[in-house]
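Undergrad: Show me how the following folds:
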Amino acid sequence: MADIPKWPGSGSAVVGNTPFAFYDTDTTFQTQAPQVANWCARRLGYPIVDVELQDLQFYAAFEEAVTEYSAQVHQFNIRQNMMKLQGSPTGSNLNSTFVGGGEVNNLVTLAQDYGSEVGVGGSVDYKKAYITVGSGSQEYDLLSHPSSSISGSASTFINNQSNVEVKRVYHNVDPAITRYYDPFALTGTGYRNLIDDFGFGSYSPAVNFVMYPIYEDLLRIQAIELNDTVRRSAFTFKLINNKLTVFPIPQTTFRIYFDYIEKDDRSNIGARSQGGVVSDYSNAPYQNISYSDINDVGKQWIRKYTLAIAKEVLGAVREKYSSVPIPGSEVSLDGAALRAEAVSEKEALVEQLRENLEETSRRRQMEIEEEISEKMNNQLSRIPTPIIIG
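TA: Purely as a prediction, here's the structure:
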């Protein structure tokens, strides 16, 4: 059996000896990679026992550990900030340029979509057309009988019926406020008598008024509208599947205007149809964290994860050579045990990092602040409150 390469006691230069060269230009990574390799070898038993790894394996494990740390941190950042990231350019590196912020942009976009549906703004154009109703006929198909179109030609409107949705019909009685007597004009409800009863009638200037609460106006407007509904043929309409029924039955010829949208406009709103912007988890532009920018807490996690990877690789090597012959006997190697131990350590390290990241989330920080506030209030509630006698 050929001799198995052993750890020589020190490593060669880092540049050019890592699989992906992600951090080869990072001077801190270049300095610490041989140190981490030496530390891992000693943790694995060198020089008391041989370690069947070379610097290339240690450097690969170190690079993988830094990349895994970066990936775990950025997975958390993407989940934390996705609402803020959507719609932003994908060409920038968010590692150092994006620091929190609010969800205002997304909320405004969402509000615009809702506004388009209810006709109070948004990104969908409302277009206007009208039909001419005739005496004695009260049912009309708005998509088949437009006399004209204020926004675009009537023929275009008719030929795209499947793409049209009517949003509002202008067929209403005059507002009740137009038939409301002005209380400040002293007309309609005997306000002059009230002024005389209050003793204000002989005061100057000649115009006096009685101040009424606002609900008085609302009640009177409701009374007018209810009167129109019960005692008169109130102007109203029914719209089902763009088919309009008007009430009361028209006695003359007049126009009824309505607003409509083109359904295609609703499907092409905002950033959803743009390229080069963040749309989901897959294209959020987070890049590998520079090793020199990671604090000592993160570097310690990386060293432990490097050791776990090195232990896993060493276990694989020793499993291949499960027994080594020696004069008069053979030595069994602990490859399987090393691999199982390494897998367990890697899982524990990732779980620990995720828990720490979750504890720093905005939601968790707000929960902690709320708990602190409640406990402070409980403490303050036990302080005797002085009684002031004045």
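Undergrad: pretty sure residue 256 is in a strand, no?
TA: Yes: assignment of residue 256 by DSSP: H, G, I helix; E, B strand; the rest coil places it within a strand.
Undergrad: tell me the centre residue of this protein?
TA: Centroid-nearest residue in the chain, with CA atoms, centre = their mean: residue 83, separated by 2.4 Å.
Undergrad: If I look at it, what pLDDT would I see?
TA: Looking at residue 83, its pLDDT is 77.
Undergrad: what about it, which SS state?
TA: helix.
Undergrad: Got the domain ranges for this protein?
TA: 27-99+285-352+360-372, 112-184+214-271 (automatic domain parsing).
Undergrad: Determine which stretch of those is the most buried.
TA: domain 27-99+285-352+360-372 (a mean of 16; mean count of other CB atoms under 10 Å). Glycine gets a C-beta too; all of them are placed from N, C-alpha and C.
Undergrad: now do the same end-to-end measure for that domain.
TA: 43 Å (CA to CA, to the nearest Å).
Undergrad: so how far is that domain from its chain's centroid?
TA: Computed by CA atoms, centre = their mean, to the nearest Å, the chain-centroid distance of domain 27-99+285-352+360-372 equals 31 Å.
Undergrad: before we move on, what about stretch 4-19?
TA: With CA atoms, centre = their mean, you get 46 Å for stretch 4-19.
Undergrad: Show residues contacting that stretch.
TA: For stretch 4-19, the surrounding residues in contact (CB atoms under 8 Å, 6 or more residues apart in numbering) are 21, 24, 29-30, 33-34, 37-38, 41, 46-47, 50-56, 58-60, 62-63, 317, 321, 324.
Undergrad: what about it, start to end distance?
TA: 22 Å.
Undergrad: all helices for the stretch 201-350 of the chain, in order.
TA: 214-231, 263-266, 296-320, 335-359 (DSSP state H, counting those that start in this stretch).
Undergrad: Comparing these, which yields the minimum mean pLDDT?
TA: Looking at the helices of the stretch 201-350 of the chain, the weakest mean confidence is helix 263-266, a mean of 78.
Undergrad: What lies in contact with that one?
TA: Outside helix 263-266, the residues within contact range by CB under 8 Å, 6+ apart are 116, 124-125, 163-165.
Undergrad: Identify, from those, the entry nearest to residue 281.
TA: Nearest to residue 281 among those is residue 116, at 27.4 Å by CB to CB.
Undergrad: Now residue 168: closest residue in space, sequence neighbours ignored.
TA: In this structure, residue 168 finds its nearest non-sequential neighbour in residue 259, 4.3 Å apart by CB to CB, 6 or more residues apart in numbering.
Undergrad: Can you verify my assumption that the one you found contacts residue 165?
TA: No: using CB atoms under 8 Å, residue 259 is not in contact with residue 165, being 9.9 Å away.
Undergrad: Done for today, thanks.
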